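just need the structure, nothing else, for what follows:
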Amino acid sequence: MTKNTTKQDLDFSKKSNLVEPFTLVSCLFIACFVYLNHRALFFHGFPWFKLSYAATSPASDVDQRLGFLDKCDVYDGRWVWDENYPLYQSQHCPFIDSGFRCLENGRPDGFYTKWRWQPKACNLPRFNATKMLEKLRNRRIAFVGDSIGRNQWESLLCMLSSAIPNKDSIYEVNGSPITKHKGFLVFRFADYNCTVEYYRVPFLVAHGSPPRGAPEAVKMTLRLDLMDRTWHRWVGADVLVFNTGHWWSHHKTTNRGCYFQEGMEVILNMNTTITSSYMTLPRIMTKLKNMLRY
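Sure, this is the predicted structure:
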């Protein structure tokens with residue numbers, strides 16, 4: 001330090017020593033925030049500054065796209081941010097099990113409700129509850145499968161009910177409460193004489209005790225040649241939505257002593273990759289057709 005160093009220089013040096021660590025920590029914090037939340041920043045937009053990501057395409061681009069389902073693969077696309085979503089507010093829908101009410105149960109963010117599926121080659125028409133109810137008039141739509149199907153079913157109930165002022169005209173036909181339980185629930189929209197139904201059938205096929213003489217490791221079996229015993233309740237629906245893939249894993253089958261059976265034969269060396277192929281839509285429909293013959 002030279003003789004010419006003043007008290008003011010010393011004060012500035014001390015302040016600089018304090019500012020540099022603070023600046024470094026601030027930069028690291030911002031960098032981590034951007035890294036961990038880059039999707040929220042770049043896709044959700046900047047709501048604090050009134051800037052948002054435009055999920056919709058320019059009019060000229062929309063005009064050049066193909067019409068809905070006109071040579072369009074709706075499965076080839078991506079999720080885009082849409083400020084006009086969600087289609088309903090969960091707190092205003094009475095048809096959601098309390099366990100599925102994420103926001104009401106304390107989830108702090110609502111970002112997950114803002115995503116919309118956008119096919120590459122076409123535009124899906126925005127959901128219109130009144131139009132769908134008209135198409136469902138005097139018809140049945142049934143969700144058959146696991147809890148993923150149940151979530152979809154409850155969401156559809158909420159979406160459709162948004163067009164019905166009198167919610168009392170929507171009711172469960174057996175008077176059952178909409179709580180998580182085994183079995184089935186059927187909600188009727190009285191004004192349209194249509195039903196939106198859910199059947200808890202995780203595997204779709206019949207399952208139960210193994211046949212006599214089966215190895216000790218076999219605790220239960222999945223009957224690959226028979227549909228679940230509830231099939232007669234939902235087979236007549238006009239629209240069927242299946243969900244089951246989540247259950248066809250080693251963890252939920254052979255790891256628990258649950259093996260596969262055809263006729264009276266228990267198959268011990270069949271893996272879940274092979275068995276899951278038994279649950280393709282053509283095979284399901286073939287099984288149902290065969291069962292309807294008897």
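
can you show me the helices along the stretch 1-150 of the chain?
7-36, 38-44, 59-64, 129-135, 147-161 (DSSP state H, counting those that start in this stretch).

pretty sure residue 88 contacts residue 160?
No. Counting by Cβ atoms under 8 Å, residue 88 stays clear of residue 160, with 9.5 Å between them. No exception for glycine: its C-beta is placed from N, CA and C like everyone else's.

between those two, who's got more neighbours?
residue 160 (24 against 20; other Cβ atoms under 10 Å).

just give the nearest non-adjacent residue to that one, would you?
Counting by Cβ to Cβ, 6 or more residues apart in numbering, residue 129 is the residue found nearest to residue 160 once chain neighbours are left out, at 5.2 Å.

report how many residues lie close to that neighbour.
By the criterion of other Cβ under 10 Å, residue 129 has 17 neighbours.

got the contact list for it?
Under the criterion of Cβ atoms under 8 Å, 6 or more residues apart in numbering, the neighbours of residue 129 are 159-163.

out of these, who's the most crowded?
Neighbour counts for those (other Cβ under 10 Å) peak at residue 160, which has 24 neighbours.

pLDDT value on that one, please?
On pLDDT, residue 160 comes in at 97.

just list the residues touching it, thanks.
The contact partners of residue 160, taken as Cβ under 8 Å, 6+ apart, are 129, 132-133, 136, 189, 196.

highest neighbour count among those?
Taking other Cβ under 10 Å as the neighbour criterion, residue 196 ranks highest of the contacts of residue 160 with 25 neighbours.

partners of it in the sheet?
Beta-bridge partners for residue 196, by DSSP bridges, are residue 141, residue 187.

that one against residue 158, yeah?
No. Using Cβ under 8 Å, residue 196 is not in contact with residue 158, being 10.5 Å away.

where does the prediction get shaky in this protein?
For the chain, the stretches flagged by pLDDT under 70 are 1-70, 180-181, 273-285, 287-294.

ends of stretch 115-126, how far apart?
Using Cα to Cα, to the nearest Å, the end-to-end distance of stretch 115-126 comes out at 13 Å.

give me phi/psi at the closest residue to residue 149 other than its chain neighbours?
Distance criterion Cβ to Cβ, 6+ apart; nearest residue to residue 149, sequence neighbours excluded, is residue 243 at 3.6 Å. When read as degrees, to the nearest 10, the backbone of residue 243 gives phi -140, psi 120.

burial of residue 243, as a residue count?
20.

kindly report the same for the one 5 residues further on.
One way to gauge burial is a neighbour count; for residue 248, by other Cβ under 10 Å, it gives 19.

didn't it look like it was pressed against residue 260?
No. Look at residue 248 against residue 260 with Cβ under 8 Å: they stay out of range, at 10.3 Å.

next, the buried residues of stretch 132-143.
Using 16 or more other Cβ atoms under 10 Å as the test for burial, stretch 132-143 gives 132-133, 136, 140-143.

that should have said stretch 80-100, apologies.
For stretch 80-100, by 16+ other Cβ under 10 Å, it's 80-82, 85-86, 88, 90, 93, 95-96, 100.
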